[in-house]
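J.: here is my input; please provide its structure:
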Amino acid sequence: MANPSAIHAALERVFHGTPAEPLALAEARYIIFSDQHRGQRDGADDFRRSEATYLAALASYDARGFTLIMLGDAEELWECQPQKALPAYANVAAVERGFNAAGRYVRVFGNHDDRWMDAAEVERHLVPRFGPLAVREALRWQVTLGERQLGELFLVHGHQGTWGSDKNRKFSRWVVRNIWRPIQKLIPIRLTTPAKDECLRERHDVAMYEWTQAHPGVALVAGHTHRPVWTSRTHVQQMEERLAELRRNEANPADIAALEQAIAARRKKDKYCDKEHRKRHLSPRPAYFNSGCCCFEDGNVTGIEIEGQQIRLVKWEGSGGQERRVELAAAALPEVFDQLGRP
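T.: Model prediction:
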């Protein structure tokens, strides 16, 4: 179970321990991906379905001069050793190495690739494949537009302060590698973590959102939960808001019925919690964003773009050379920070 006070304390530690860096919004061009969980191409590897879509996305962002930010859990090192996981996706590493060679590659560690907390491990395993790099715990940007100070963006994987993913990660890693992984290789089901347990995910999302309340002018961008969150609202919450709008405007009954069916299907897929728990909707204050993940069961990937003074939630979908980018939501960052006040 997510412990909000522990999560808040851990985020506070990381936030104040991360040096603030300037970010000129007019020049910013970033794609933030998290939670690839690249394994060793066996039955326990969740990235295989998304590999082609992810590579198509990288090709597009590279051509457009974006900086690639890997916001944690790029490799699945709870299930695999680095010497097996890294060679399995040498093709992906080669593409990411191109970003690094161009000075457009940033790595943040998560819980499933927590070995990259150790600079010696990075030097031993990552540098030969990606080139020289340092792996950080977080990024903290002081965002400016011209002479105007807008606010801060705080980027972190988001596992900090949790019992299984942070405080007792060595025990969790042993359980996953020695008990769960052999089962997962035989049975096509995925690990019940924040990636699958909607109750835990929502409590965790709420805790991360609540942390921002004590930090005016700060917007938090995280991963970890595998659940895309936009301006502190989940995708299904946005669908529910759209449904309410259609009903108010007495829209086409067929459109209303179609959206009702989509919401019902999403709730069933996400295994929503009981009514009392679902009352804890996130506030619409735009202080918390989540990149989702790059290992969805349908092969899609989601991410957060920052470009042209905008922040956008995007999805890449399709296969067989027909991959395409879908913009799910967008907002002007100056307007986002106007709603968040000043630090």
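
J.: count of residues packed around A57?
T.: Summarising burial for A57: neighbours were counted as other C-beta atoms under 10 Å, giving 25. Backbone N, C-alpha and C define where each C-beta goes, glycine included.

J.: equivalent analysis for G341, please.
T.: 13.

J.: who's in contact with it?
T.: Residues in contact with G341, defined by C-beta atoms under 8 Å, 6 or more residues apart in numbering, are P216, G217.

J.: how much space between it and G292?
T.: 27 Å (C-beta to C-beta, to the nearest Å).

J.: try F33
T.: 9 Å.

J.: quick check: neighbours shared by these two?
T.: Taking C-beta under 8 Å, 6+ apart as the criterion, F33 and G292 both touch V301, G303.

J.: beta partners for R107?
T.: Note on R107: beta-bridge partners by DSSP bridges are M70, V135.

J.: meant to ask about W230
T.: In this structure, W230 bridges to R233 when assessed by DSSP bridges.

J.: and G292, backbone torsions?
T.: When read as degrees, to the nearest 10, the backbone of G292 gives phi 80, psi -120.

J.: look through this structure and tell me its longest helix.
T.: With secondary structure taken from DSSP state H, the chain has its longest helix at helix 253-270.

J.: contact partners for L150?
T.: Under the criterion of C-beta under 8 Å, 6+ apart, the contact list for L150 reads L25, V143, T144, L333, P334, F337.

J.: give me the PyMOL select line for these, limited to the buried ones.
T.: A single PyMOL command suffices to select whichever of the contacts of L150 are buried according to 16 or more other C-beta atoms under 10 Å:
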select buried, resi 25+143+333+337
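
J.: which of the contacts of L150 fall within helices?
T.: Secondary structure of the contacts of L150 is defined by DSSP H; positions in helices are L333, P334, F337.

J.: so can I have JSON lines of the residues you listed showing pLDDT?
T.: Compiled in JSON lines, the ones in helices among the contacts of L150 are given as follows (pLDDT from 0 to 100):
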{"residue": "L333", "pLDDT": "96"}
{"residue": "P334", "pLDDT": "96"}
{"residue": "F337", "pLDDT": "96"}
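
J.: I'd like those residues as a markdown table, with distance to I263 appended.
T.: Written out in a markdown table, the entries for these read as follows (distance: C-beta to C-beta, whole Å):
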| residue | distance to I263 |
| --- | --- |
| L333 | 29 |
| P334 | 32 |
| F337 | 31 |
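
J.: need phi/psi at the residue of the chain most remote from its centre.
T.: Distance from the C-alpha centroid of the chain peaks at E250, with 36.0 Å (C-alpha atoms, centre = their mean). The phi/psi pair for E250 (degrees, to the nearest 10) reads phi 50, psi 50.

J.: before we move on, back to that, closest to K84 out of the ones in helices among the contacts of L150?
T.: If you rank the ones in helices among the contacts of L150 by distance to K84 using C-beta to C-beta, L333 comes first, at 40.3 Å.

J.: which ones are touching the closest one?
T.: Applying C-beta under 8 Å, 6+ apart, one finds that L333 lies in contact with L25, V143, L150, I306, Q309, Q310, I311.

J.: any idea which of the residues you listed is closest to A222?
T.: I311 (13.7 Å).

J.: show me the contacts for the closest one.
T.: F289, I304, E305, A330, A331, L333, V336.

J.: just the buried residues of the residues you listed.
T.: By the neighbour-count criterion of 16+ other C-beta under 10 Å, those include these buried positions: F289, I304, E305, A331, L333, V336.

J.: for the residue nearest to the last one when sequence neighbours are not counted, list the residues it contacts.
T.: For V336, the nearest residue in space outside its immediate sequence neighbours is P286; the separation is 4.8 Å by C-beta to C-beta, 6 or more residues apart in numbering. Residues near P286 by C-beta under 8 Å, 6+ apart: A219, T231, S232, A331, V336, Q339, L340.

J.: the fourth one against I304, yeah?
T.: It refers to A331. No: contact criterion C-beta atoms under 8 Å: A331 and I304 do not qualify, at 11.1 Å.

J.: coming back round to it: which one of the ones in helices among the contacts of L150 is nearest to I256?
T.: For those, the minimum distance to I256 (C-beta to C-beta) is 33.0 Å, reached by L333.

J.: tell me the spacing between the closest one and L150.
T.: Computed as C-beta to C-beta, the L333 to L150 distance reads 7 Å.

J.: over to G308?
T.: 14 Å.

J.: and for the nearest residue to A119 once chain neighbours are set aside, the neighbour number?
T.: Sequence neighbours aside, A134 is the residue nearest to A119 in space, at 7.3 Å (criterion: C-beta to C-beta, 6+ apart). Each residue near A134 was counted by other C-beta under 10 Å, and the total is 12.

J.: how about the contacts made by A134?
T.: Applying C-beta under 8 Å, 6+ apart, the residues contacting A134 are R107, A119, V122.

J.: how about E240?
T.: With contacts taken as C-beta under 8 Å, 6+ apart, E240 has the following neighbours: I263.

J.: for the helix or strand where it lies, what is the distance to the chain centroid?
T.: With secondary structure defined by DSSP states H and E, E240 is part of helix 235-248. Centroid displacement of helix 235-248 relative to its chain, using C-alpha atoms, centre = their mean, to the nearest Å, is 24 Å.
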